[in-house]
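Visitor: This is a predicted model, with the sequence first.
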Amino acid sequence: MVNNSKGATRSSFGAMGTSLSVLMAAVLSACGGGGTTGSTLSGAVMDGYLKGATVCLDTNGNGACDTGEPSATTGDRGAYKLEISKELDVSALHLIAKVPATAIDEDTGAAVGKEYQLQSPAAMAAVVSPLTTVVSSHMRNGQDMNTAKASAKASLNITDASFAFDKDFVATQDTKAHNVAKVLARKLSLTGDKTATAVLSSVTAMASTLQTAYASTTAIKPADLDTMVGALTNGGTSTAGCSTGVLLCFDEATAAALTGFGGLEGANQLAIVTDPAGGNGKVLKVVKMAENETWAGVTLSTLANQAVTQIPLSQTKKTLTLRVYSPAAGLPVRLKLEDASDNTHTVEVEVSTTKANEWETLSFDFSKQATGTAALNLAYTFNKVSVFPHFGSKPSAAKTFYFDDLALSDQASGGGNNSTSNTAALVFASGYTAVNAADVGYAYQGLTTQGGAFNWTVANGATYGWGGSDFWWSGVASADAVPNFYWGGKGKSDQDYMESWVNAPSNATVTLTGQTKLRIAVWGNDQLVGSPRFTPVIQLAATNGCYPRAEGTPLTPVSAGADAATYNVALSTFTVVENCGTTMTTSAFMAQPIGSVRVRLYKANYYTQGDAPNGINLGPISFQP
């Protein structure tokens with residue numbers, strides 16, 4: 001519960017039977033004394049009550065607990081108390097609860113065994129639970145509080161009209177809500193989901209399991225969770241065959257057949273192996289090599305003619321989920337369904353990974369087909385499945401992916417009427433034109449209809465001009481359509497960062513309605529050493545002279561000058577690093593007019609062999625639905 005001098009939203013309990021101790025634990029009270037007067041934000045963290053979790057107020061909206069943010073460790077009955085300024089308006093902020101593997105679940109009296117993360121809107125501070133995590137996830141995707149609560153109830157299959165997310169379901173002995181919390185907590189601990197997109201994908205993937213949990217009036221036991229969701233040691237689901245609703249899990253008594261193509265036929269490139277995260281379940285291992293085709297992949301089959309049992313897509317079920325363990329975030333994975341007897345009957349969807357070296361659940365909505373591919377036709381039979389890791393480009397070196405649990409989701413697809421999405425990709429910049437740097441002071445300017453001005457900056461508190469002692473540049477022929485600019489090594493100990501950037505078309509702005517990822521080509525050259533890491537940056541139009549900025553996970557480019565690497569970076573994975581004095585979540589940021597896309601090298605992330613290295617290249621930029 002919150003109640004400070006700014007008039008932040010108050011949360012209320014939904015049951016008259018709430019105990020006095022629970023009410024007292026949730027009270028926000030003023031702190032007296034001299035100097036600055038503050039407030040406290042308090043409540044409890046629970047699946048069962050969780051002791052030893054770290055709770056913080058996510059003041060910068062990046063979905064993590066950062067240095068300087070108010071934080072505390074939970075005690076008995078999951079209780080926490082944060083000291084905050086009474087001037088801080090928490091109505092749009094969220095609480096993060098980092099639950100380490102050593103945290104004690106008071107349901108069992110034992111450590112939880114695997115770390116995970118919970119969230120709650122700060123205006124519902126009385127309870128931080130798996131259930132409030134779903135509310136926060138919907139809010140981070142742009143919904144207001146009331147809409148997010150309604151969406152969360154629908155997502156979790158909670159039908160009780162009297163249910164309240166800020167009610168202590170342990171103290172009030174609400175077994176049904178407690179069961180849902182247990183199941184969802186187990187799922188989050190298995191997947192490690194933290195972003196709104198990942199959490200909601202996991203909730204969608206297990207809709208029927210959550211419905212079963214809520215329907216039960218008997219408390220679910222740990223052994224039941226192992227069956228319903230998966231053992232904590234298992235990166236997949238169960239080792240005794242597939243769970244209900246899972247089409248392929250690689251734990252079948254008869255292993256699925258694997259048919260590689262596009263160069264993925266080599267020894268040790270395809271195998272069914274033990275979970276790389278340390279579990280004892282079986283998963284699919286795929287190794288894509290640098291020499292493989294951009295469209296290399298694998299067909300999975302359990303029947304003759306490279307077929308599987310027919311996948312029952314329908315007007316209300318058009319989404320499949322797939323568990324993925326990727327070597328990096330931002331790598332595109334394409335899933336293709338076909339009629340095993342007619343290869344003209346196909347549908348393809350592409351989704352980018354958001355995590356590196358950990359499991360996540362990706363959702364493939366077949367009402368939103370990949371650009372340039374056929375739309376979903378429900379009159380077709382779909383009984384053939386192929387997976388394309390690192391689709392659309394060749395890796396610089398071997399990349400290993402793991403896959404598990406292909407399942408039919410209960411997620412409604414394509415909007416309220418289940419219609420096909422017509423959102424088109426947004427071309428941000430391409431067809432760059434070289435100009436004479438000696439005349440204009442910068443290397444490139446986009447003179448075509450696609451893309452605004454192209455420029456570069458070297459910063460250590462000031463912008464270096466062209467030809468400065470700390471910057472080297474060499475031009476290319478005007479017919480060269482790929483920007484090729486040279487960042488020198490001189491003075492790099494003084495440089496904070498170097499970056500190139502491209503304005504939106506016509507040097508105006510664009511909006512990203514319907515877009516979910518940034519597609520950008522970046523690559524280096526053979527004079528860069530080590531592992532240079534390029535940070536993708538999206539910058540808004542100026543607000544009172546300040547430019548809000550969000551940064552993605554740094555990318556490691558190919559180190560061959562002629563070999564481009566195209567990255568698909570989920571917009572949900574960007575972090576707002578400059579909010580110009582406002583509170584802005586990632587989803588709120590991406591809803592604003594976009595002014596430029598940038599690629600930044602911080603000084604800790606690059607090194608060259610000489611003072612005048614060869615070019616760092618930036619290819620076409622687009623946003624994809």
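Guide: Noted; the coordinates are in hand.

Visitor: Count the neighbours of L512 for me.
Guide: Residues within reach of L512, counting by other Cβ atoms under 10 Å, total 20. (C-beta placed from N, C-alpha, C; glycine too.)

Visitor: The one 5 residues further on now?
Guide: A count of nearby residues for K517, using other Cβ under 10 Å, gives 24.

Visitor: Please report how far it lies from A103.
Guide: The spacing between K517 and A103, counted by Cβ to Cβ, to the nearest Å, is 34 Å.

Visitor: can you give me the strands in the stretch 201-350 of the chain?
Guide: 246-248, 257-261, 270-274, 282-288, 297-301, 319-325, 332-339, 342-352 (DSSP state E, counting those that start in this stretch).

Visitor: Reformat those as JSON lines; add mean neighbour count, distance to L88 and mean pLDDT.
Guide: Shown next, in JSON lines, are those (neighbours: other Cβ atoms under 10 Å; distance: least, Cβ to Cβ, whole Å; pLDDT from 0 to 100):
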{"stretch": "strand 246-248", "mean neighbour count": "20", "distance to L88": "45", "mean pLDDT": "82"}
{"stretch": "strand 257-261", "mean neighbour count": "16", "distance to L88": "55", "mean pLDDT": "93"}
{"stretch": "strand 270-274", "mean neighbour count": "14", "distance to L88": "48", "mean pLDDT": "89"}
{"stretch": "strand 282-288", "mean neighbour count": "23", "distance to L88": "45", "mean pLDDT": "92"}
{"stretch": "strand 297-301", "mean neighbour count": "22", "distance to L88": "50", "mean pLDDT": "94"}
{"stretch": "strand 319-325", "mean neighbour count": "24", "distance to L88": "38", "mean pLDDT": "90"}
{"stretch": "strand 332-339", "mean neighbour count": "21", "distance to L88": "40", "mean pLDDT": "95"}
{"stretch": "strand 342-352", "mean neighbour count": "18", "distance to L88": "35", "mean pLDDT": "92"}
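
Visitor: With respect to V170, which of those strands lies nearest?
Guide: strand 319-325 (30.0 Å; Cβ to Cβ).

Visitor: which helices and strands sit right next to the closest one?
Guide: With contacts taken as 3 or more Cβ pairs under 8 Å, 6 or more residues apart in numbering; DSSP states H and E, strand 319-325 sits against helix 196-205, strand 332-339, strand 359-365, strand 399-408.

Visitor: The ones you listed: which one's closest to E265?
Guide: E265 sits nearest to strand 399-408 of all these, at 16.2 Å, using Cβ to Cβ.

Visitor: Buried ones in that closest one, by neighbour count?
Guide: 399, 401-408 (16 or more other Cβ atoms under 10 Å).

Visitor: Switch these over to TSV; also include pLDDT.
Guide: Output for those, formatted as TSV (pLDDT from 0 to 100):
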residue	pLDDT
K399	92
F401	95
Y402	94
F403	94
D404	89
D405	86
L406	90
A407	86
L408	82
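
Visitor: could you list every residue that touches K336?
Guide: By Cβ atoms under 8 Å, 6 or more residues apart in numbering, the contact set of K336 is 297, 346-348, 385-388.
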